[in-house]
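Visitor: Kindly return the folded structure for what I paste below:
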Amino acid sequence: MKRAIGILAIIAVGAPIMYVVYQTAFTSNPTNGKERKVINDGDDDDTDQPGQFGVDRLKEGKDVKPVAFDGKRAMKYLEAICDLGPRISGSAAMRKQQQLIKKHFEDLGAKVEFQSFKAKQRSQRGEVDMTNIIVSFHPDSKRRVILCAHYDTRPIADREPDPRDWREPFLSANDGGSGVALLMELGNHMKDLKTSVGVDFVIFDGEEYIYNPGDPKVKNDPNQDIYFIGSKHFAQTWKKSKDHCVYSAAILLDMIAGARLNFPLEGYSWDRNPELCRQVWTIAQEQGCKAFAPGVKYHVKDDHTELHKVGIPAIDIIDFDYPHWHRLTDTPENCSAESMEQVAKVLSVWLQRTK
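Guide: Down below sits the predicted model:
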């Protein structure tokens, strides 16, 4: 579940003006307009330990090329995931998805770790089994970066106008499947990708394990379910480890395959890690990836905010205008191979340049 406050976007027409707006966005606060009301998520400690600025500059030069990402193959991965049905935390379909992911990455020679734990949701009687999946490339490297996404689906399609439809089978292809599908296809290219850092694909459970979203008019609604369970567990486990690796950056992928892709800068990402935003959006501009728009439109509470709290610099690449969000129409048919190719192009260049 993503929670957002809206910000009016900066809009530019034409390539020359676009460049000027990028420069403006990267040298000042790119928001324009008044902040709309915060949708309460029951957790007001987002700023208790903001993400430390720990991202080195990119390697100089523009000689690296994006990988030959196969969007059609990524779409087949997405379809295979959705063929499992709704992947709710603790469900049989989720366990099947875990094995599908494990086999895929182990066959590619990656190290796969299941970070399993039990979680209790406020609205549910018992505990549920949850598992974060950590896929590591160059596992011996102490300095690392994270590409992450969640892979669980929401139990209810609560954006459907008719509440009677909420409990119909909800595939959540873009919101929960697309990030995993992109990482699966990107994994095919990691062996030959030259990087100066180790890379972890971290796939979070429990982002969508919400039965009661709470009343947005009530601050700290005591009946509201807990958000971002998996990323919180991962972040706190990393923080408590005495010999943990150094994560210099993390990029969260959420709803990255919509047919009408739109990635304005996410507000918390810009506020806390502007240099990492500059790196990614500048590469997008260089690569002609027009979905990466200048200006902040929303502040979105998402899995990356849990990484912020423990000092991991993190940003969110998210299409929060996806029209099928939390609707039964969030199916592979409304996702796009070309959209995933655009995101992968940016990420693969960034991975080669970062250090």
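Visitor: What strand or helix carries the residue nearest to Leu186 when sequence neighbours are not counted?
Guide: Leaving aside its chain neighbours, Leu186 sits nearest to Ala344 (5.7 Å; criterion: C-beta to C-beta, 6 or more residues apart in numbering). Backbone N, C-alpha and C define where each C-beta goes, glycine included. If you go by DSSP states H and E, Ala344 is part of helix 337-353.
Visitor: Quick check: pLDDT value at the nearest residue to Ala68 once chain neighbours are set aside.
Guide: Spatial nearest neighbour of Ala68, chain neighbours left out: His189 (7.2 Å); criterion: C-beta to C-beta, 6+ apart. At His189, the model reports a pLDDT of 98.
Visitor: can you give me the helices for the chain?
Guide: 15-25, 71-82, 92-107, 178-187, 229-240, 267-272, 274-286, 303-309, 337-353 (DSSP state H).
Visitor: before we move on, back to that, ok, the residue nearest to Ala68 touching Val67?
Guide: Yes - between His189 and Val67 there is a contact at 4.0 Å, judged by C-beta atoms under 8 Å.
Visitor: So for those two, which residues contact both of them?
Guide: Residues touching both His189 and Val67 (C-beta atoms under 8 Å, 6 or more residues apart in numbering) are Ser348.
Visitor: Which one's more surrounded, the two?
Guide: Neighbour tally, His189 and Val67, criterion other C-beta atoms under 10 Å: the higher count belongs to Val67, 20 against 17.
Visitor: Do I have it right that that one meets Val343?
Guide: No - assessed by C-beta under 8 Å, Val67 is found out of contact with Val343, at 12.0 Å.
Visitor: any idea how far the residue nearest to Ala68 lies from Thr329?
Guide: His189 sits 31 Å away from Thr329, going by C-beta to C-beta, to the nearest Å.
Visitor: and stretch 186-198, how far from the chain's centre?
Guide: Counting by C-alpha atoms, centre = their mean, to the nearest Å, stretch 186-198 is centred 19 Å from the centre of its parent chain.
Visitor: What residues sit buried inside it?
Guide: Leu186, Gly187, Asn188, His189, Met190, Thr195, Val197, Gly198 (16 or more other C-beta atoms under 10 Å).
Visitor: from those residues, which ones fall inside strands?
Guide: Gly198 (DSSP state E).
Visitor: Would you reformat the buried residues of stretch 186-198 as CSV and include distance to Lys102?
Guide: Converted to CSV, those look like this (distance: C-beta to C-beta, whole Å):
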residue, distance to Lys102
Leu186, 17
Gly187, 12
Asn188, 16
His189, 19
Met190, 16
Thr195, 23
Val197, 24
Gly198, 19
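Visitor: Show me where the stretch 201-350 of the chain dips below the pLDDT cut-off.
Guide: For the stretch 201-350 of the chain, no stretch has pLDDT under 70.
Visitor: from what I can see Arg273 touches Asp316, true?
Guide: Small correction: residue 273 is Asn, not Arg. No - between Asn273 and Asp316 there is no contact under C-beta under 8 Å: 10.1 Å.
Visitor: Could you report the neighbour count for Ile134?
Guide: The number of residues near Ile134, taken as other C-beta under 10 Å, comes to 18.
Visitor: Neighbours of the closest residue to it other than its chain neighbours, how many?
Guide: Leaving aside its sequence neighbours, Ile134 sits nearest to Glu113 (C-beta to C-beta, 6+ apart; 4.4 Å). The number of residues packed near Glu113 is 15, by other C-beta under 10 Å.
Visitor: Contacts only, for Glu113.
Guide: Per C-beta under 8 Å, 6+ apart, neighbours of Glu113: Ile133, Ile134, Val135, Ser136.
Visitor: can you redo the helices of the chain as JSON lines with distance to Gly258?
Guide: Below are the helices of the chain laid out as JSON lines (distance: least, C-beta to C-beta, whole Å):
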{"stretch": "helix 15-25", "distance to Gly258": "21"}
{"stretch": "helix 71-82", "distance to Gly258": "12"}
{"stretch": "helix 92-107", "distance to Gly258": "21"}
{"stretch": "helix 178-187", "distance to Gly258": "8"}
{"stretch": "helix 229-240", "distance to Gly258": "22"}
{"stretch": "helix 267-272", "distance to Gly258": "19"}
{"stretch": "helix 274-286", "distance to Gly258": "16"}
{"stretch": "helix 303-309", "distance to Gly258": "18"}
{"stretch": "helix 337-353", "distance to Gly258": "6"}
